[in-house]
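Visitor: Got a sequence here, can you build the structure:
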Amino acid sequence: MKQKKIPLRICAGCQQQKSKKEMIRVVRTPEGTVEIDKTGKKSGRGVYICKNVECLEKAYKEHRLERSLKCKVSDEIYEDLRKEFV
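Guide: Numbers count the residues shown, from 1 in each chain. Presented below is the predicted three-dimensional model:
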């Protein structure tokens, strides 16, 4: 029997490859808004981050979400992500 392929993504904070289910997706929608995508299926440009506060802080310090999404990410998004990890 053929094994099912597990999709891997790279974390914006620690730059490690992990399975897509272990991470949270932040997406820039075609309208230009930035949102947290809990389903992982919204259309738009996405970036993944581990469910880990250290990864989030590193991504925040080095503006990695902004670079990956090619737009400004508001502080509200970072606060919502911090609440997700608690």
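Visitor: now the longest helix seen in the chain: how far from the chain's centre is it?
Guide: Once the chain is assigned using DSSP state H, the helix that runs over the most residues is helix 75-85. Its chain's C-alpha centre lies 11 Å from the corresponding centre of helix 75-85 when counted by Cα atoms, centre = their mean, to the nearest Å.
Visitor: and it, what does it pack onto?
Guide: When contacts are defined as 3 or more Cβ pairs under 8 Å, 6 or more residues apart in numbering; DSSP states H and E, helix 75-85 sits against strand 23-28, strand 34-37, helix 53-61. For glycine as for every other residue, the C-beta is placed from the backbone atoms N, C-alpha and C.
Visitor: Of all the ones you listed, which one is nearest Ile6?
Guide: strand 23-28 (12.4 Å; Cβ to Cβ).
Visitor: can you list contacts of the closest one?
Guide: 9, 11, 34-38, 40, 42-51, 65, 69-71, 73, 77, 81, 84 (Cβ atoms under 8 Å, 6 or more residues apart in numbering).
Visitor: Next: stretch 48-64.
Guide: The set of residues external to stretch 48-64 that reach it, using Cβ under 8 Å, 6+ apart, is 9-14, 16, 18, 20, 22-26, 47, 65, 78, 81-82, 84-85.
Visitor: could I have that stretch exported to CSV, CA atoms only?
Guide: The C-alpha atoms that make up stretch 48-64 are tabulated as CSV, following Å, rounded to 0.1, in the frame of the first residue of the first chain:
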residue,chain,number,x,y,z
TYR,A,48,3.9,29.4,8.3
ILE,A,49,5.1,29.7,11.9
CYS,A,50,5.6,27.0,14.6
LYS,A,51,3.3,27.0,17.6
ASN,A,52,6.2,28.3,19.7
VAL,A,53,6.7,31.7,21.3
GLU,A,54,10.4,31.8,20.6
CYS,A,55,9.8,31.3,16.8
LEU,A,56,7.2,34.1,16.9
GLU,A,57,9.6,36.5,18.7
LYS,A,58,12.4,35.8,16.3
ALA,A,59,10.1,36.3,13.3
TYR,A,60,8.9,39.6,14.8
LYS,A,61,12.4,40.9,15.5
GLU,A,62,13.7,40.2,12.0
HIS,A,63,10.4,41.2,10.2
ARG,A,64,10.2,37.8,8.6
